[in-house]
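In: Model the structure of this input:
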Amino acid sequence: MRKTSLLKKLILDEEILVMPVAHDAIAAKLIELTGFKAMALGGYPTTATLLGKPDLSLITLIEMVTHAKNIAEAADIPLFVDGDTGHGGVINVMRTVREFEKAGAAGMFIEDQLFPKRCGHMEGKQVIETDEMIAKIKAAVDARVDPDFVVCARTDALGVMGIDEAIERGNRYREAGADLVYVEAPTSKEEMLRINREVDAPTLAIQIEGGKTPFFPTKELQEFGYNAVAYALSTLYATAFAVRGVLKELMDKGTTSGYWDKMFDFNEYNQFLGLEALRDKEQSYNK
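Out: Numbers count the residues shown, from 1 in each chain. Just a heads-up that it's a prediction; the model follows:
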């Protein structure tokens, strides 16, 4: 089964699809190794990983596509990516879809923020007109080569214009052809329940440690009506925390030995990366 078809199937399955975000290729391998069925990639972790900067529309389309390609190649599970605002107007949206398809992504979302956009859990967002976003969704649907490539429409209207507007936009985006609808940053259980009652489409939730949306176990999110959930920054935050810890150990004690129980060692890491299998493959051509 193609990864696009698999992602669409997983979204529509009875069980909620849990997609940790892979901020880099190592995280992608670990997500697959742990047993998750799909993964995602966001603009926030990409900007942080590549530039060490906050999510303020600093990443270009090609930087994002290249990062997505490397992550998609690191694991065999479907990858769902962040298309931001589509990187421009409807023609730009069409190119964005095609570039992510060529990179090996199985789906993507585009959002209705005004460029330059910012992380959906930050203040100061603005949104474009509904009709402008509908045109982008139609362009995205028309541009995909694989009809199963998942097009998700994200609206940031809740934090700007209120939940009524966000729900109306969600339904209109679905009518325009979106396979999945993502209402960004609800701030209460009641809002999350209402979104799933009133948006007539498969829905996506995002969980961010310290973000605006309350945290719930995945089973509860499924009970709320969500079809999929992405953990947008968990691997990024955990990695940064661990790296800070080992560097502090080295600075304070002049050695990392007290931190070894929280690390891979040389042989373990090479085994994790599949070094032995690659060496065997290499040798098979020299016989």
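In: Could I get the CA-only coordinates of the longest helix along the chain as CSV?
Out: In the chain, taking DSSP state H as the definition, the longest helix is helix 234-253. The C-alpha trace of helix 234-253 is given here as CSV (Å, rounded to 0.1, in the frame of the first residue of the first chain):
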residue,chain,number,x,y,z
SER,A,234,7.8,16.5,22.3
THR,A,235,10.9,15.0,20.6
LEU,A,236,12.4,18.5,20.1
TYR,A,237,11.9,19.5,23.8
ALA,A,238,13.1,16.2,25.1
THR,A,239,16.2,16.3,23.0
ALA,A,240,17.1,19.9,24.0
PHE,A,241,16.5,19.0,27.7
ALA,A,242,18.8,16.0,27.5
VAL,A,243,21.5,17.8,25.6
ARG,A,244,21.4,20.6,28.2
GLY,A,245,21.8,18.0,30.9
VAL,A,246,24.8,16.2,29.5
LEU,A,247,26.5,19.6,28.8
LYS,A,248,25.9,20.7,32.3
GLU,A,249,27.4,17.4,33.6
LEU,A,250,30.5,18.0,31.5
MET,A,251,30.9,21.6,32.6
ASP,A,252,30.4,20.9,36.3
LYS,A,253,32.3,17.7,36.6
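In: So which residues of the chain form strands?
Out: Assigned by DSSP state E, the strands in the chain fall at 17-20, 39-41, 79-82, 107-111, 150-155, 180-183, 204-207, 228-231.
In: Let's have the ones you listed in CSV, adding mean neighbour count, distance to Ala68 and mean pLDDT.
Out: Yep, even glycine has a C-beta here, placed from its N, CA and C like the rest. Shown next, in CSV, are the strands of the chain (neighbours: other Cβ atoms under 10 Å; distance: least, Cβ to Cβ, whole Å; pLDDT from 0 to 100):
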stretch, mean neighbour count, distance to Ala68, mean pLDDT
strand 17-20, 23, 14, 98
strand 39-41, 28, 6, 98
strand 79-82, 28, 5, 98
strand 107-111, 26, 9, 96
strand 150-155, 27, 14, 97
strand 180-183, 26, 18, 97
strand 204-207, 24, 18, 97
strand 228-231, 24, 14, 98
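In: Could you point out which of the ones you listed sits nearest Lys29?
Out: Checking the strands of the chain against Lys29 by Cβ to Cβ gives strand 39-41 as the closest, at 10.0 Å.
In: got a list of contacts for the closest one?
Out: Strand 39-41 is contacted by residues 19-23, 28, 31-32, 67-68, 71, 75, 77-82, 105, 230, 232 when judged by Cβ atoms under 8 Å, 6 or more residues apart in numbering.
In: next one: stretch 228-248
Out: Stretch 228-248 is contacted from outside by 10-11, 16-23, 27, 30-31, 40, 42, 44-45, 48-49, 80, 180, 202-209, 211, 218, 221, 256, 259, 262-263, using Cβ under 8 Å, 6+ apart.
In: Can you tell me how far Glu165 is from Leu7?
Out: According to Cβ to Cβ, to the nearest Å, Glu165 stands 29 Å off from Leu7.
In: more crowded one of these two?
Out: More neighbours surround Leu7 than the other of Glu165 and Leu7, with 28 against 15 (other Cβ atoms under 10 Å).
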